[in-house]
Each structure stands twice: as C-alpha cells, then as structure tokens.
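*Asks:* Task: produce atomic coordinates for the following.
(chains A and B)
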Number of protein chains: 2
Amino acid sequence: MSDADLKENLSEEEAAAEAEAAQETESLDEENRLKPEFVRSVKEALDDEDSDRVYDLVEPLHPADIADLFELVDADERLTLARSIRDLMGVEVIAELNDWVRELLVEALPAEVVAEIAEQLDTDDAVAMLEDLDEEDQQAVLAEMEPEDRAAIESALSYPEESAGRLMSREFVAVPETMTVGDLIDFLREHRELPTEFWEVFCVDALHHPVGTCALSWILRCPRNIPLYDVMKRDQTLIPVGMDQEEVALRFQKYALISAAVTDDSGRLIGQITVDDIVHIIQEEAGEDTLLLSGAGDGDINEPILLTVRARLTWLVVNLATAILASSVVGLFQGAIAKFALLAVLMPIVSGMGGNAGTQTLAVVVRAIATNQLTDSNTWRMILREFRIALANGAALGTLIGLGTGLLFGNPHLGAVIATAMVVNNLVAGLAGILVPVTLTRFKVDPAVSSAVFVTTATDVMGFFSFLGLAVLTGLA
Amino acid sequence: MSDADLKENLSEEEAAAEAEAAQETESLDEENRLKPEFVRSVKEALDDEDSDRVYDLVEPLHPADIADLFELVDADERLTLARSIRDLMGVEVIAELNDWVRELLVEALPAEVVAEIAEQLDTDDAVAMLEDLDEEDQQAVLAEMEPEDRAAIESALSYPEESAGRLMSREFVAVPETMTVGDLIDFLREHRELPTEFWEVFCVDALHHPVGTCALSWILRCPRNIPLYDVMKRDQTLIPVGMDQEEVALRFQKYALISAAVTDDSGRLIGQITVDDIVHIIQEEAGEDTLLLSGAGDGDINEPILLTVRARLTWLVVNLATAILASSVVGLFQGAIAKFALLAVLMPIVSGMGGNAGTQTLAVVVRAIATNQLTDSNTWRMILREFRIALANGAALGTLIGLGTGLLFGNPHLGAVIATAMVVNNLVAGLAGILVPVTLTRFKVDPAVSSAVFVTTATDVMGFFSFLGLAVLTGLA
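*Replies:* The predicted structure follows:
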C-alpha cells in the first residue's frame, strides 16, 4: 500500500468512524450486540421495500455488525437485505458472514459475481465461501476467475477439509536471512503487492525452507545495518500443510503464536496462518464439544431446519434403541414390580442420578482430552481419581437416599437396597465416564461424538439392574 | 532490546533450538504431546532422586512443554521436579503452568522467591500467579516486591476478577499522532525499556486518550516523513478496564483484533491486551459451557480432589431433589402400575427421550447465547424453530415407538398412549430447552450453570405424567 493509497483509505475510514460514533448509541447495546429496536427498524424498511432507508441504517455499521445483522433478520429477508446494501457488501462482511447465511447468498448470485467477490477475498476466506458449494456451482465460479486466483483456490481445495491448507493465506513476506533490517524496510516500502497486514516476516534459505521468524517489533527496534539472521528467532513452530485445524489451534495456544509458517511435504514455505483466523477455530472446536456431547450435530441456529431435524433425530433414534434396551432390563422384573410398585417409583432415581454423575465425568474427560491435558501418561491416575470421586459421591448420595427412603417408607431393607444400588451405579457412571472416551480415543474416534450414548446406556441399564436385581435377590419383592 | 542483547538472546535460543531439534523426536508424539515413555523416564529419575538426570531430560524442552510436564507427573512429584530444574523455571514456564499446579508450587516457595519471580513476569501473568493466594500470603509477597511492581499488581488486583484490568499488560507503546514514521522508528530504536514484543502502536492525544492504532506492518511500509495521523486507523475498539473477560474475548473475535487499548473511566489509555492472552480465554469460556451444563464445576483435572467432590456433589444433590420430585409423580400412579406393570417398563423411555431432546436444544441455545448469535431480536423466531423441530422429532419418535409397542404387545391402545406421550414430552423438551436459558439470561443468570436442572426436571416430570396420566385417563390401567 503506498502512502497515497493509505491516505485515501484513511479518509474514508475516518468518515466511517465518525458516522459510526454518531450511530453507535443507536444500533449497539451495552454488550456490543445489535439492538432489537435497530433490527426491527431494518426489518420494517425491508418490508416497505425502502432500499434507501435500509442503506442509510446499515451504512454506519462495522462490517462485523453487518454480518451479524444478516443472522438476525429472517431467512427470507436476507437476499433483499443484500440487494439493498450491495456496495456495502465488502470482503470484510462476506468473510464474517455465518456459513449458512453466506451459502444462501452465494447460491443466489450468478457465478461471475461470486467469482468477482472471491477474487477480492484472501484465499482462506474465498475457500470458506466456495468449499460448501455443489461441485457444479464451484466449477462454474472457478471458471469465471482469473487463472492465478483460480489456481490458488484449487490448490487450497485440494487439501482435506479443516486442514491447514484450507486455512492458510498464500500472501506472506519471505526474505533471505542475509538481508539487513534496512534493506528489509526498503523492500517493504517499495513492494506494493505485498499483503497489507502481517505480523511477522519469515526468513527462508535458497530452497525456500523457513529458517527463522522476525516479529515486526524486533525489526523496528534494530539499527538498519543488522542482518536478519541476528534478529530472527530460529526456534519456530512450523505447520505442515495437512495438519488438522484443531491441532493447528492447539499449537497456536500452546506456543502463544501470532502467525506461523505453513510448509509443504518437502519443507518449503507455502503459506502463513495468522491468529485472527485461529480464534474462530478455537472457539468453534471448544464449543463444539457441548453440541457433540448432546447430539445436536452442527448446532448452528442458521442451519436449514430439515438438516437440523435430521441430525438431531439420528441421535435420538440411536438413544431410543438404548432406552429400549434399558427398559427391557426393567421388563425382567415386571413380576416384582407388580407385587411391589414402589420399586417402579424409586428406580428412576437410581438410573437418573447415575446418568448425571456419568455426564459430569464425561464432560471433564472430553475437555481434558481435547486440550491435551489427558494423555497416556496420566490416564491411570485419572481413572483412579474418577473412581475415588465416584466412591465419595456414591457413598454420600447413597446414604442420603437410603436413610430418606428407609425412614419415609418405614422400610430399612428398601433403604439399604437403594443405597447400595446408588453406590454401584455411581461407580459405573464414573468408570464409564472415563473409560468410554479414553477407549474411543485409542480407536481414533472423537470421544465427544459418541461417548454419551455408551455412558447413559451403562448408567440406565446398571441403575435398573442393580436396584431391581438387589431388591429381588434380597427377597424384597 | 539493543542489538547486543538481541544477539546474546539469540545465540542462547539457537543453542536451545538445536538441542530441542535433537530431542524432539524423543520427547514429543505426533500430536505434539509429551510421550508417555519420556514422562516415565522423568518420573523414574525423580524417584531415584537423580536431579542431574531430570535436568538433562527437561532442559531441551520448550517452556510450554515443561509446563505440561508438571501436569503429567504425580502431584507429590511436582515440588521435587521444580527443585531439580530450578534455573529452567523461567517466566515462560511459570506463565504457562496450570493454575492449580502453579498454586501448589507458589505456596511451597518463600514469599521473597515468589516476589522475585513476580517481578520478572508481565503484570498479567504476575496477577494470575498471585490472585489465587490467600490474602495473607499475597500481602507477604507484595511486601517483598519493588514499589513500582507492587503498585502495578495492586492496581490490577483492585479490578474485579476476570475483568480486562486483570488481563491487561501495562507495557505498551503510546506516542503522539503528530510523530512521523521516521521519528517513531528512531524512538523505538533508542528506548530499551519498551516492551520487547508488541504488534501495534497506540497514538494518544495530550490527555493520553487513544485516538488511533497503527499496525506495525503499516509503519514499516510508509516513508519516514509520513505523520502517524495519516497511517493510523481511527476506528479502533477500546476496552474499558472493567469489562468482563468473556466480553473482551468476543470483541477480539468479532473484530479480529491482534491487540487493543484498555482505557480507564476517564478514557485514558492505561494498558493493552494482546490476542495471545485472549486465546486461552476463548478456549476456556467456550469449553466451560460443556462443564457447566454437566454440573462438573471448574472441571480441571488438577483441581484438588476434595474440591472436585464438593463441586460435583452439590450439583448431584440438587439433581437428587428433582429426581425425587419426578419419582413422586410416578408415586401418584402406583395403583395403575401394580395393575399393569408394563407401564413401569415403558415409562423410562418417554422420560429419557425427553431428556435427550431437551439436552440437544439446551446445548444449541446455550452456545448461541454465549456467542451473541441469539439476542432479543431473534428469540421468537428461535422459539418457533425449536417448536417445529420438537414437533417433527416427537412425531417421528412417537410413531416409531407407538407402532413398535402396539405391535410387540398386541396392544394398540398402549401404542397410542406412548406415542402421544412422546410427542407431548418432545414439545416440553424443546420449549423448556429454549425458554429456560433465555429466561435465565434475562435475569442475568449464566444459562450454562443452572438450565440443565430445570430442563431435565421438566422432561422427567412431564414424561412420567403424560404417559402414566394418559394411560389412566384412557382407562388402560
């Protein structure tokens, strides 16, 4: 960016900032979300087909807020909104759009317009925009693009989904380590085609292998005559292009990275990943476990409802099978229940409490696995830890419910049975809560996806079996 | 940092990097975690009280891996480990330690040693180290510190826990907007006391109010004679010092920030927050919902076991109360169950499936609230959406279980009853799954903490009541 460009950019930004400051009180609430009244006035203007008013309302917003606005209006208003604010739909807005909203908008646009937008986006954002399109639509868009941009996107799409190759940007600054600080600054001032924002400069050898990284603050603080090999940090974290994005996010966290070099199979520098693209992934991956454990699938509230129903129903049907399995255990004891119906009244307490305890352990273990806190080195210690916790909780809850039941129904035998069943089922819950996810991880299955079914099956089945079985065995019914 | 300092630093780093490269294959697995064999050899050396061997093993590790190592050895080995590698326990290791591990180590050290470490840490890391100490220990450490450092930490501790004031670093670069790029570069080269790593320079007016932010890449690309007011971005995101860390994390994500200026009540620049401190928070806050929803409390596997038992047991006792409430509903129908024990066999299916469906909705809604996707603007639309999903899932599951039951037991009446109850309970689940967290949010209660109790109570009670009630009402038993 030349200084003339910069000036032009900035005077625009200045005007925008002023307008925004004036509007800010009107459009954003104290938690920085768009106010309902503001959203309502946009919706009213959309209803009235008053594009000018829509434009005036939206124009002062930050691109991230425009992207949010699309989520807050109804699905059938989104295309009209996009049409009304066409020239505000810059790359920042497109890049910030929710995946489902973007897909809706992109599918409604002709291929050449999508191609035009994709060419303005950074490669990683363009890939995010195109990767969910049908093969056919994708090809149509790619065909409309400049060969160079198309090549970059096709190369990104050739890497697996959710890999570093899809995330990386192909725009970065790489220079020989023998360059001096002064020469680097001159180089940066002269080359307009370089990316406008970057945080580190990568030093490479003759084969384009990264040999060190210079934070810009170090460069700014060194005299011009110092060579980069005296400034750069040699101990760098390199990201292989095929690495899964969750793993990339963990490296960024572990080593507090701002940007990192991406290398191909032969170790050549081919891209960079910056932390602003990673924060979304950290957030998604960490939040995903909540959704996966509950079987809510993708869980995005903008997902088309039929996909949501399908995802959730699949999980519910699997759970129905396990519920039937558990109820067939109850079926074994029908005779006892007919004789002594109080057993049916109390049995859900044992199974339900086991379910709760199992869910606690499962949540802790799944998080610990996801954050690399639980590894083969400490698995046994954690199993022992969960066993002790389960024993303590089981003893406490068993005593409580045992005494309560014994006293309330004047039946110490019943109290002893439910107390024992409670201890047993808490142990089952604690052990299943850790053994199931640990075992699934060994078999390279994401423990967040399928652990819950196994754990609740175990606690339901064992809850009913231990309580009803003990009751029959001890001659209670 | 002068270039001499830099050189010295770098030759050390160089040596470390080489040693690390040699060891890397030995100590880290393919997912960048410490290998079990490596951890085992450290533990063996600790057992043998062979400090030198421990030191040699640990020395090549990255500080973040040393911090991980402390989590992977047993709690009673941690102090010995710290003693064996005393001069490797640099600020990077201390800053990366798990909170519980750090507390254990810090409590074992004399106040003057803790003070010495705290003085070397950035303010935010020093605060993290001291904030969990007892009031008395904290005062003892502060008393040992240099007045300037003590003042910075005391001021940070005066802000609420988990606020921007605790997170921010007091080291940043602030200059007048009238300075030119050349003068700024000279200023940075001359002033050694400035922070060594920073990503943006803040421009301030005479009252020290921030007026703009310059990314270092823009500064490097502009000619020396350009004044900063032509380079800086005026439209900046300022963080009020009292803002909650979750809110800070959302701003960083929303506006893709690398660093941000923190201002006091009168709008003066008093600190900066950088994204590397935020990624941990994003991860924690997003992952926390999984733990909170399950009632697992803090959920850290290094938490002392008694605290863990207390946290989980509290939640389980609350759930015990709701389980008893649900079972008392079953108690109303004891007579019917005694006559027709099959009702007891089938009733857990209805309540359990409702619980599963409710948990799905709850997970989605809690995530959407946490990420500001669900606001007052779209609450009604989302309630309607969940209602429709619940109706679809209820109809599908009801048909499935109704037909199955009717055929298996040759009792269409029973099939109709369980099918209807299933639809009813799915609707209860869907509505409770969204109304409970939305209502709690209105009352400023974190929906992740307490929603699950209400939702599962609703699905248990209504599951039993609808199924058994319909059975009795329609004369089935």
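*Asks:* okay, CA-based contacts and neighbour counts for the rest of this
*Replies:* Will do.
*Asks:* Does whichever strand or helix holds A:Arg166 pack against any helices or strands, and if so which?
*Replies:* Assigned by DSSP states H and E, A:Arg166 belongs to helix A:164-167. The elements that helix A:164-167 packs onto, with contact taken as 3 or more Cα pairs under 8 Å, 6 or more residues apart in numbering or on different chains; DSSP states H and E, are helix A:123-130, helix A:147-157, helix A:245-254.
*Asks:* Can you tell me the SS state at the closest residue to A:Glu247 other than its chain neighbours?
*Replies:* With Cα to Cα, 6 or more residues apart in numbering or on different chains as the measure, B:Glu31 is the residue that lies nearest to A:Glu247, at 7.3 Å, once sequence neighbours are left out. Reducing the assignment to helix, strand or coil with DSSP: H, G, I helix; E, B strand; the rest coil, the entry for B:Glu31 is coil.
*Asks:* pLDDT averaged over the helix or strand just after the helix holding A:Arg166, what's the number?
*Replies:* Helices and strands here follow DSSP H and E; after helix A:164-167, the next one along the chain is strand A:174-176. The predicted model gives strand A:174-176 an average pLDDT of 95.
*Asks:* Doesn't A:Leu325 belong to a helix?
*Replies:* Yes: secondary structure of A:Leu325 (three-state DSSP): part of a helix.
*Asks:* residues contacting it?
*Replies:* A:Val461 (Cα atoms under 8 Å, 6 or more residues apart in numbering or on different chains).
*Asks:* Need the pLDDT of it.
*Replies:* With respect to pLDDT, A:Leu325 has a value of 96.
*Asks:* Also A:Ser2?
*Replies:* The predicted structure scores A:Ser2 at 43 on the pLDDT scale.
*Asks:* which residues in the stretch 51-200 of chain A form strands?
*Replies:* Assigned by DSSP state E, counting those that start in this stretch, the strands in the stretch 51-200 of chain A fall at A:174-176, A:200-204.
*Asks:* helices or strands up against the last one?
*Replies:* Applying 3+ Cα pairs under 8 Å, 6+ apart, one finds that strand A:200-204 contacts strand A:174-176, strand A:210-215.
*Asks:* Any chance of a markdown table for those strands, columns distance to chain B and mean neighbour count?
*Replies:* Below are those laid out as a markdown table (distance: least, Cα to the nearest Cα, whole Å; neighbours: other Cα atoms under 10 Å in any protein chain shown):
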| stretch | distance to chain B | mean neighbour count |
| --- | --- | --- |
| strand A:174-176 | 14 | 19 |
| strand A:210-215 | 7 | 22 |
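*Asks:* Go through the helices and strands packed on helix A:164-167 and name the closest to B:Asp76.
*Replies:* Each of the helices and strands packed on helix A:164-167 was scored for nearness to B:Asp76 using Cα to Cα, and the closest is helix A:245-254 (24.7 Å).
*Asks:* Following the chain past that closest one, name the next helix or strand.
*Replies:* Once the chain leaves helix A:245-254, the following helix or strand, as judged by DSSP H and E, is strand A:259-263.
*Asks:* Could you double-check that A:Glu162 lies in contact with A:Asp244?
*Replies:* Yes: the pair A:Glu162 / A:Asp244 is scored as a contact, 5.9 Å apart, by Cα atoms under 8 Å.
*Asks:* Among these two, which residue is more densely surrounded?
*Replies:* Residue environment comparison for A:Glu162 versus A:Asp244 gives the larger neighbour count to A:Asp244, 18 against 15, counting by other Cα atoms under 10 Å in any protein chain shown.
*Asks:* A:Pro160 versus the more buried one, what's the distance?
*Replies:* When Cα to Cα, to the nearest Å is the yardstick, A:Asp244 and A:Pro160 sit 9 Å from each other.
*Asks:* A:Gly404 now?
*Replies:* A:Gly404 sits at a distance of 57 Å from A:Pro160 (criterion: Cα to Cα).
*Asks:* ok, the closest residue to A:Asn302 other than its chain neighbours - how many residues close by?
*Replies:* Distances taken as Cα to Cα, 6+ apart put A:Trp100 closest to A:Asn302, at 6.0 Å, once the chain neighbours are dropped. For A:Trp100, the tally of surrounding residues (other Cα under 10 Å) stands at 16.
*Asks:* Repeat that for A:Glu71.
*Replies:* Burial of A:Glu71, expressed as a neighbour count using other Cα under 10 Å, amounts to 22.
*Asks:* Which residues does the helix holding A:Arg166 contact?
*Replies:* By Cα under 8 Å, 6+ apart, the surrounding residues in contact with helix A:164-167 are A:124, A:127-128, A:156-157, A:159-160, A:239-245, A:248, A:262, A:273, A:277.
*Asks:* what mean pLDDT would you report for that helix?
*Replies:* Along helix A:164-167, the predicted local confidence has a mean pLDDT of 92.
*Asks:* so how far is it from its chain's centroid?
*Replies:* Using Cα atoms, centre = their mean, to the nearest Å, the mean C-alpha position of helix A:164-167 is found 15 Å from that of the whole chain.
*Asks:* Show the contacting residues for the residue nearest to A:Asn302.
*Replies:* A:302-304.
*Asks:* now these: which count as buried?
*Replies:* Under a neighbour-count criterion of 16 or more other Cα atoms under 10 Å in any protein chain shown, the subset of these counted as buried comprises A:Asn302.
*Asks:* ok, so what distance separates the residue lying closest to A:Gly165 once chain neighbours are set aside from A:Leu121?
*Replies:* The shortest distance from A:Gly165 to any residue that is not its chain neighbour, by Cα to Cα, 6+ apart, is 4.9 Å, and that residue is A:Val241. Look at A:Val241 and A:Leu121: by Cα to Cα, they are 20 Å apart.
*Asks:* Show me which of those two is the more surrounded one.
*Replies:* Between A:Val241 and A:Leu121, counted using other Cα under 10 Å, A:Val241 has the larger neighbour count: 26 against 19.
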